[in-house]
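In: predicted model follows, preceded by the sequence.
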Amino acid sequence: MASMRGEIYRCSVCGNIVEVLFPGEGILVCSGKPMELLKEKSEDQGMEKHVPVIEKTGDRYKVMVGSVPHPMEEKHFIQWIELIADGVVYRRFLSAGLKPEAEFCVKAEKISAREYCNLHGLWKSK
Ligand SMILES: [Fe+2]
């Protein structure tokens, strides 16, 4: 099946993560194996919360992960947060020790968010 714009793939061998910017017909391969398509999850289970929560304050959108702040440790942290505002993608990369949140100064009608946890994968807002 052909890929779609915005899909994110991970290499289970070397850990490379790539995003499809313009889809072609081919299969994405890395380290000699087909890459794994990361499914966007939106239902939290258990204690840890991953679903992005969007809060609007004035002309800013704050995206938090999640309803209870997600850990930001060396071995387990949120690698990036995206805001999709009227189809335009804004992305902030994070590292261990930072807060699991990002602020974006943008005007838009239609807002959604995605985030990536290095252990638990890709999540989207409801
Ligand atoms: Fe996690």
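Out: Great, that's in hand. Numbers count the residues shown, from 1 in each chain.
In: enumerate the residues of this structure near the ion.
Out: Taking C-beta under 5 Å from the ion as the contact definition, the chain meets the ion at 117, 119, 120. C-beta coordinates here come from the backbone N, C-alpha and C atoms, glycine included.
In: cutoff 8 Å now
Out: Proximity of the chain to the ion (C-beta under 8 Å from the ion) is limited to residues 48, 50, 70, 71, 76, 77, 78, 117, 118, 119, 120.
In: just the buried members of these?
Out: 50, 70, 77, 78, 117 (16 or more other C-beta atoms under 10 Å).
In: out of the residues of the chain next to the ion, show me where the pLDDT dips lowest.
Out: When those are compared on pLDDT, residue 48 comes out lowest, with 85.
In: show me where pLDDT drops low in the protein?
Out: Across the chain, residues meeting the criterion (pLDDT under 70) sit at 1.
In: strands of that one, start to end?
Out: Secondary structure of the chain (DSSP state E): strands at 8-10, 17-19, 29-30, 33-34, 36-37, 52-57, 60-65, 78-85, 88-93, 101-105, 111-117, 121-124.
In: what sits up against the first one?
Out: Taking C-beta atoms under 8 Å, 6 or more residues apart in numbering as the criterion, the residues outside strand 8-10 that touch it are 3, 16-20, 28, 35-38, 116, 122.
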